[in-house]
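> next comes the sequence, and after it the predicted model I'd like to discuss.
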There are 2 protein chains.
Amino acid sequence: MGYFDAASAAPLHPVARQALLASLDEGWADPARLYREGRRARMLLDAAREAAAEAVGCRPDELTFTSSGTRAVHDGIAGALAGRRRTGRHLIVSAVEHSSVLHAADVHRAGGGEVTEVPVDRTGAVGASAYAAALRPDTALACLQSANHEVGTEQPVAEVAGHCRAAGVPLLVDAAQSLGRHPVPDGWSLLAASAHKWGGPPGVGLLVVRKGVRFAPQGPVDERESGRAAGFENIPAVVAAAASLRAVQAEAAQEAARLRELTDRIRTRVPRLVPDVEVVGDPERRLPGIVTFSCLYVDGETVLHELDRAGFSVSSGSSCTSSTLTPSHVLKAMGVLSEGNVRVSLPPGTSEEDVERFLSVLPGVVAGVREKLGAPPGGAVRPDGGDDALVVDALGRRCPVPVIELAKVIGDVPVGGTVRVLSDDEAARLDIPAWCEMRGQEYVGEEPAERGSAHVVRRLV
Amino acid sequence: MGYFDAASAAPLHPVARQALLASLDEGWADPARLYREGRRARMLLDAAREAAAEAVGCRPDELTFTSSGTRAVHDGIAGALAGRRRTGRHLIVSAVEHSSVLHAADVHRAGGGEVTEVPVDRTGAVGASAYAAALRPDTALACLQSANHEVGTEQPVAEVAGHCRAAGVPLLVDAAQSLGRHPVPDGWSLLAASAHKWGGPPGVGLLVVRKGVRFAPQGPVDERESGRAAGFENIPAVVAAAASLRAVQAEAAQEAARLRELTDRIRTRVPRLVPDVEVVGDPERRLPGIVTFSCLYVDGETVLHELDRAGFSVSSGSSCTSSTLTPSHVLKAMGVLSEGNVRVSLPPGTSEEDVERFLSVLPGVVAGVREKLGAPPGGAVRPDGGDDALVVDALGRRCPVPVIELAKVIGDVPVGGTVRVLSDDEAARLDIPAWCEMRGQEYVGEEPAERGSAHVVRRLV
């Protein structure tokens, strides 16, 4: 077992499985009905709501079960914006929110609303004061994740919540990566989360709206879940989600310490074991189970494939995966290397042995991919100079080829001279500057070219 | 076991339970991922989609799994309306659609769209030609249920589909009450259904959009389910839903014949066993498992409560249930009695013995409630005449009291004379005319009064 993608989904917790089975028999009827089967279903739903509310630290009537975390985010943002429509139509999000938040922001923008995206630093964190500076008299809602899903960096939720409270603006916290496993700072007005991230079943999200927050549910009226989540209640899954939340929370502190030690090993040893690697995200203020790094001169999809063959399931924010041709918006916003990106997110219970095995396998996997792609040997730069007007034509080539070609010729450039890399790959825009930073070379800038762009790099060392 | 509310929800089919358990272990991972757990999840999801598509009679890529039937209806209507926005903003629904359809229509109306509600006859069916007459050049979408959820009456879907096709208007069929158990006529463009009605788990709906139908999903972008259903796929539930659909469908024809015979008994015998009962809905063109009747002089909630004590779980469209103060929009649109309304909907496998026991218990239950409410003895009308200007003050009294009071005094009214019932109960508006029809008296009309309304009734017999 080398399933290292807990930030995407976790296997069902044994407690959740047990609760699900029990409530399949007891919780299938309509909880709005008055007969015995309905009353039983209602009791299960009420008990699950109370358990979940206790785990979250809210009142049961503040908590709605939705059909997914994505739905909780979509409906939470739409309802909060509509509830404060009179105040204004300004929405604040961080640049590294989950796509569900950013897509809800897109809808708001398309409907005539205004959106401010607060940038992040190289670790992936927003600055609390930069966030505060975005608050305006017409700000209807502010959104901030508890911690980033791709790099694990914690956001300064408590500080931002303080600024929002002072400005009278509700703060929606997307706690999908934290709830149950890592403390969520207090001070939020709305909170969204997803059960399958904490070992609950899929099909359950949480939307918590604090009393006093103006909230106007959007979409067709539906009397279920206080009018905040349309559709027949999924009681067996809700019961399982609540049971799992409590179970995971009870084990959280101890497990977090263990996972943090394991991810620390990866953070420390991967750069020693694999040349030309950048570990990204904040080394301290981070989720215990996530560590992300990018490897020069390899493409994420091939690395994922090779790791899968070696028995490890990880994910990647690289552009070079089959589902997308642009690098992850998170890595882009951080300004870090995206090529050869690997996210390791350890599920509770991950063994030390599996992590050690991963560390023993990774160097060979990366080296193998680099060899296939004809990447330059790690760290080496050819010493002899060459033509000042050197041009590398990488048009039509996808990441990591443009960076590989750049690395191959940099030794031919005299110190102080420049090289132009022609590329029409979206990832090159992120990865060539990141390569320069890693290598101590200067990224002069991007110029329009006949096709694509020319990325100009000056050799300094 | 006397669970007679299958039209609300059915217990999990054994096949669904088995499929759910198996796929909890195999289908928890993200099907968009490339590693082994993701590929396994993707295979399960693809297989479930193929199985469901075969059962529905559509292509797999036309079928989307949503988080509920309600969500399928909401998103289907919104997407179809948006996709045909250039054609116009006119929407047609029948007056007896499920509330999810009518609430989606409300949203369309609130957003500036136009909605035509096609009325139904006393059996609850729309006329195909009346429906056709509502079609206009600017009609973007027409909606019609396969059969009514409260009274079981089948709608003329095939005929209406023919008219829609001729007019080039897509028809969305809400097949929640039929799919898997009763044939859905062909000719629809969009179809919505709900798994927990056919013995699947809650948390799964189906939305089918035929190739060639213009469809523009609304709400925030999400790449899952072809962009038509946001949120992480609920694969275990989807697999269980598909398995159950196939299992139920395989047993459907035989089970339908059996259930039809059982509901026929109820249709025939309840009016013989219980005085002052109106069986509603079409006696022939109807779902096999549903039969609905209304009992004069009782309130639905008390009857439900007493039946529950006797071991029977049924539902009611009466106004006198705890969740609502207005009678069901379906009974209202049909113009039939709503007081003492009882819907019996038999799940597959219902035994003859349970139905016989229900028939033996019902008369005593209704008689007991009538006695408590001081209702007039069944069918009797006091023979001696009285004051022509008789006024019954039922202000502030809820159904069934206004009708009971009317029945008590009708004998005091000379034949040809009138009585005025003062009432501020919404249900009286439906139930007093229905009582007149049942009793052979004349409902003269409703007049405004100082408080509420005066319902004028002329004694004919």
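Noted; the coordinates are in hand. Numbering: from 1, shown residues only, chains lettered A, B, ... in the order given.

> following element in sequence after the longest helix that chain A contains, please.
In chain A, with assignment by DSSP state H, the single longest helix is helix A:235-273. Next helix or strand after helix A:235-273 toward the C-terminus (DSSP states H and E): strand A:277-280.

> what's residue A:89 sitting at in phi/psi?
Main-chain torsions, residue A:89, degrees, to the nearest 10: phi -130, psi 30.

> I'd say it and residue A:112 touch.
Yes - between residue A:89 and residue A:112 there is a contact under C-beta atoms under 8 Å: 6.8 Å. Backbone N, C-alpha and C define where each C-beta goes, glycine included.

> more neighbours: those two, which one.
Each of residue A:89 and residue A:112 has its neighbours counted (other C-beta atoms under 10 Å in any protein chain shown); residue A:89 has more, 19 against 7.

> mind checking pLDDT for residue A:384?
With respect to pLDDT, residue A:384 scores 43.

> then the one 4 residues further on?
At residue A:388 the predicted local confidence, pLDDT, stands at 52.

> residue A:397 too?
In this model, residue A:397 carries a pLDDT of 87.

> quick one: contacts for it?
Contact analysis of residue A:397 by C-beta atoms under 8 Å, 6 or more residues apart in numbering or on different chains lists A:405, A:423, A:425.

> mind jotting down where the helices sit in chain A?
Using DSSP H, helices in chain A cover A:14-26, A:36-56, A:69-83, A:99-110, A:128-134, A:157-167, A:235-273, A:300-309, A:329-334, A:352-373, A:401-409, A:428-439.

> hey, which of those is tucked in deepest?
Neighbour counts (mean count of other C-beta atoms under 10 Å in any protein chain shown) averaged over each of those peak at helix A:69-83, with a mean of 26.

> hang on, the earlier thing: I'd like to know which elements the longest helix of chain A is packed against.
On a contact count with 3 or more C-beta pairs under 8 Å, 6 or more residues apart in numbering or on different chains; DSSP states H and E, helix A:235-273 meets helix A:14-26, helix A:36-56, strand A:277-280, strand A:290-295, helix A:352-373.

> so can I have a markdown table of the ones you listed showing distance to chain B and mean pLDDT?
Output for the helices and strands packed on helix A:235-273, formatted as a markdown table (distance: least, C-beta to the nearest C-beta, whole Å; pLDDT from 0 to 100):
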| stretch | distance to chain B | mean pLDDT |
| --- | --- | --- |
| helix A:14-26 | 5 | 93 |
| helix A:36-56 | 6 | 96 |
| strand A:277-280 | 20 | 94 |
| strand A:290-295 | 16 | 96 |
| helix A:352-373 | 13 | 95 |
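
> select the helix or strand of chain A having the lowest average pLDDT value.
strand A:389-393 (a mean of 86; mean pLDDT, DSSP states H and E).

> show me the contacts for the residue of the stretch 151-300 of chain A found nearest chain B.
Using C-beta to the nearest C-beta, residue A:231 is the residue of the stretch 151-300 of chain A that sits closest to chain B, at 3.0 Å. Residues counted as contacts of residue A:231 (C-beta under 8 Å, 6+ apart) are A:67, A:222, A:224, B:67-71, B:205.

> just those now: which is nearest residue B:369?
residue A:224 (29.1 Å; C-beta to C-beta).

> how many residues are close by the nearest residue to the closest one once chain neighbours are set aside?
Spatial nearest neighbour of residue A:224, chain neighbours left out: residue A:233 (6.0 Å); criterion: C-beta to C-beta, 6 or more residues apart in numbering or on different chains. Counted with other C-beta under 10 Å, residues neighbouring residue A:233 total 26.

> residues contacting residue A:233?
Residue A:233 sits next to A:31, A:41, A:45, A:65, A:224-225, B:202 when contact means C-beta under 8 Å, 6+ apart.
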